[in-house]
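> Just a sequence and a predicted model for now, questions to come.
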Amino acid sequence: MSLNLFIIGPSGCGKSTQAKLIAAKYNLTHLSMGQLLRNEIAAGSVEGLQAKTYLDSGTLVPEELSYKVLTNSLVKINNKNFIIDGFPRTYLQGQFIENYLTTQNEPLDLIIHLDVTFEEIQTRRAKMGDEFQDKNRTDNTPEAMAARQKFYDENNGLIMDYFQPKNLIFRVDGNRPIEPIFADIDQKINQLK
């Protein structure tokens, strides 16, 4: 049985940390939408060059470009047994990935949502300082971070409204330490099997 998971939440909420733990425990491929785009940029691909202008300014990469980069990566792993962090970020992306997986005869098993307050994220950033900053990112300016938070606030409710009635959203309190968050997610994933 395949396990196809997504993890979303505001920028800086700990998605990647949890995704890595989940991937290790369940032997899943961990894909980060942001990292996939940065890999394309590093490779100097056509998609990468297109994405760079958007990422550098802290604006969202156009849907079609995101879809192409993501599906290219999913095809390489037979469209199954993955956890993707940072996607879907919009209602349209949610619809797209659900429909895409359906065409591949694969389920969308669960979208894990880390509920973290903006205050908690700011506290973590202040505490961690340079450690918190992803060195691969060119968009970690205060302005770009504020823009990402605003985008999240504007779009997150629509994703919730779309997937909640389908019982595909699992909300977890992300304002706690890493271990109890992971324990809650782990328990939920075990219920899927």
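Here it is on my side, so go on.

> can I assume K20 is in contact with H30?
Yes: between K20 and H30 there is a contact under Cβ atoms under 8 Å: 5.9 Å. Using the backbone N, CA and C atoms, a C-beta is placed for each residue, glycine as well.

> Pick out whichever of the two has more residues nearby.
Shown here are K20 and H30; by other Cβ atoms under 10 Å, H30 has more neighbours (18 against 14).

> Per-residue confidence at the more buried one, what does it come out as?
The model reports H30 with a pLDDT of 98.

> same thing with S11?
The model's pLDDT for S11 equals 83.

> what's the closest non-adjacent residue to it?
Using Cβ to Cβ, 6 or more residues apart in numbering and skipping the chain neighbours, the partner closest in space to S11 is R148 (4.2 Å).

> just checking, next helix/strand downstream of the helix or strand harbouring the one you found?
Element membership for R148, per DSSP states H and E: helix 142-163. Next in sequence after helix 142-163, counting helices and strands by DSSP H and E, comes strand 169-173.

> Could I have the CA atoms of that next one written out in CSV?
As requested, the backbone C-alpha atoms of strand 169-173 are provided in CSV (Å, rounded to 0.1, in the frame of the first residue of the first chain):
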residue,chain,number,x,y,z
ILE,A,169,-6.8,17.4,6.7
PHE,A,170,-5.1,16.6,10.0
ARG,A,171,-4.4,19.7,12.1
VAL,A,172,-1.7,19.4,14.7
ASP,A,173,-0.6,22.0,17.3
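
> for the protein, what are the low-confidence residue spans?
Applying pLDDT under 70 to the chain picks out residues 129-141.

> what's the distance between stretch 35-42 and the middle of its chain?
15 Å (Cα atoms, centre = their mean, to the nearest Å).

> For it, buried residues please.
Within stretch 35-42, the residues that qualify as buried are Q35, L36, L37, R38, N39, E40, I41, counting by 16 or more other Cβ atoms under 10 Å.
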